[in-house]
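Student: Below: sequence and its predicted model.
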Amino acid sequence: MSSTTAAPRAVAQWGFGMLHGPSQIYFQQNVVTGALILAAFFVADWRMGVLALLGALGGMLGGRAAGFSLPNIGSGMQSFCGALVGAAVFAALGGEAWWSYVLAFVGGLATGPVTWFVNWLFTQTALKKFDLPYTTAPFVIVASVIALSTLGLAVDSPPAILTTDPVPAFLASLLTNVSQVVLVDNLWSGALILIGLFIASWKVGVAAVLGSVVGSVTAVVMGEPWGEIANGLANYSGVLTAIALAVTFLRSGVGSWLYSLPWIVITAVVTLLMHRLGLETYTWPYILTTWVALIVASYAPGLKRS
């Protein structure tokens, strides 16, 4: 390939990485889906959108420095964790101070080597037989370090109480569960993301709705306050668990959909227990539950990896 064609193609890979990154948060590689998820950040707050973009850029640069290929960069696999780090910086520290933007970029950079390490752990050790994805683990590791090291600077911004009436709260949760995956507490943002997921695949959209419904029902059974359910904090991780197990990491079929149901419930329980212990959850409940579910699935003859 000549240098005159290589350079534009490389630029294109970086451009695709910026759009595919947001969609990869939900396991999709779709430009339209990524654009709608990116729009959801800006709908919530333009500063959050900028921080997510800076985190994504940092993630791609860090991933490239860690040795990931340009096609991998273009697929969004090195930018989605960085985008989430940027969103987490906004959620914890706001977007008023200039150093928030530096922190989002540096945090995104850090996801590169962390991704390399988690990927190495799952591909070069005894764990490789389970073929576990690193998924959002680099994000939660970096974001947890940032949160712990900036406790004194954290912005006190309690989640908005959308409603405490049972029926409206439950209905609101169907969208806010989807948006809280990316740390956004906004009905319109949730609607944009859900539309994007259906554009990527109707199965993905249905799985997201399934995870949202089952998670909210579990939260109701566990006695979670309706205000907490309404703003999506009760089970956003279940949305990811549903998509991961029903559609993405297992061969999609009746078996994978049925198999996902108890794990969505477990994800909700883990989420609520972490909340009650005062722990920062991010997407830890989804990550831990899905890893265990995939290990268990490897011993189930009726379930096959996709």
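Tutor: Yep, that arrived.
Student: Now do stretch 293-302, average pLDDT.
Tutor: Model confidence over stretch 293-302 averages 92 on the pLDDT scale.
Student: Where does the closest residue in space to Met222 that isn't next to it in sequence sit, in terms of helix or strand?
Tutor: What sits nearest to Met222 in space, not counting adjacent residues and going by C-beta to C-beta, 6 or more residues apart in numbering, is Leu272, at 5.6 Å. (Glycine included, C-beta is placed from N, CA and C.) If you go by DSSP states H and E, Leu272 is part of helix 254-276.
Student: buried stuff in that helix?
Tutor: For helix 254-276, a neighbour-count test (16 or more other C-beta atoms under 10 Å) marks 255-257, 259-261, 263-272, 274-275 as buried.
Student: now the helix or strand that that helix is followed by and helix 254-276, what's the angle there?
Tutor: Later in the chain than helix 254-276, the nearest helix or strand by DSSP H and E is helix 284-297. Going by axes from the mean of the first three to the mean of the last three C-alpha atoms, to 10 degrees, helix 284-297 is angled at 140 degrees with respect to helix 254-276.
Student: For helix 284-297, name the packing helices and strands.
Tutor: Applying 3 or more C-beta pairs under 8 Å, 6 or more residues apart in numbering; DSSP states H and E, one finds that helix 284-297 contacts helix 137-149, helix 237-243, helix 254-276.
Student: Swap in 6 Å and give it another go.
Tutor: Applying 3 or more C-beta pairs under 6 Å, 6 or more residues apart in numbering; DSSP states H and E, one finds that helix 284-297 makes contact with helix 237-243, helix 254-276.
Student: Reformat the ones you listed as a markdown table; add distance to Tyr101.
Tutor: Putting these into a markdown table (distance: least, C-beta to C-beta, whole Å) gives the following:
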| stretch | distance to Tyr101 |
| --- | --- |
| helix 237-243 | 27 |
| helix 254-276 | 29 |
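Student: domain ranges for the protein?
Tutor: 14-153, 166-297 (automatic domain parsing).
Student: Can I get those domains in TSV including distance to Ser306?
Tutor: Listed next are these as TSV, based on distance: least, C-beta to C-beta, whole Å:
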stretch	distance to Ser306
domain 14-153	10
domain 166-297	5
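Student: Could you pull out the buried residues of the longest helix belonging to the chain?
Tutor: As assigned by DSSP state H, the longest helix anywhere in the chain is helix 98-123. Within helix 98-123, the residues that count as buried by 16+ other C-beta under 10 Å are 100-101, 103-116, 118-119, 122.
Student: Repeat that for stretch 165-181.
Tutor: Ala169, Phe170, Ala172, Ser173, Leu174, Leu175, Thr176, Asn177, Val178, Ser179, Gln180, Val181.
Student: Out of the helices and strands packed on helix 284-297, the one nearest Ala12 is which?
Tutor: Taking C-beta to C-beta, helix 237-243 is the member of the helices and strands packed on helix 284-297 nearest to Ala12, at 27.4 Å.
Student: Show residues contacting that closest one.
Tutor: 27, 177-178, 181, 204, 207-208, 210-212, 215, 260, 263-264, 267-268, 271, 283, 285-286, 289-290 (C-beta atoms under 6 Å, 6 or more residues apart in numbering).
Student: go again using 8 Å as the cut-off
Tutor: The contact list for helix 237-243 (C-beta atoms under 8 Å, 6 or more residues apart in numbering) reads 26-27, 136, 177-178, 181, 197, 204, 207-208, 210-212, 214-215, 218, 260, 263-265, 267-268, 270-271, 281, 283-286, 289-290, 293.
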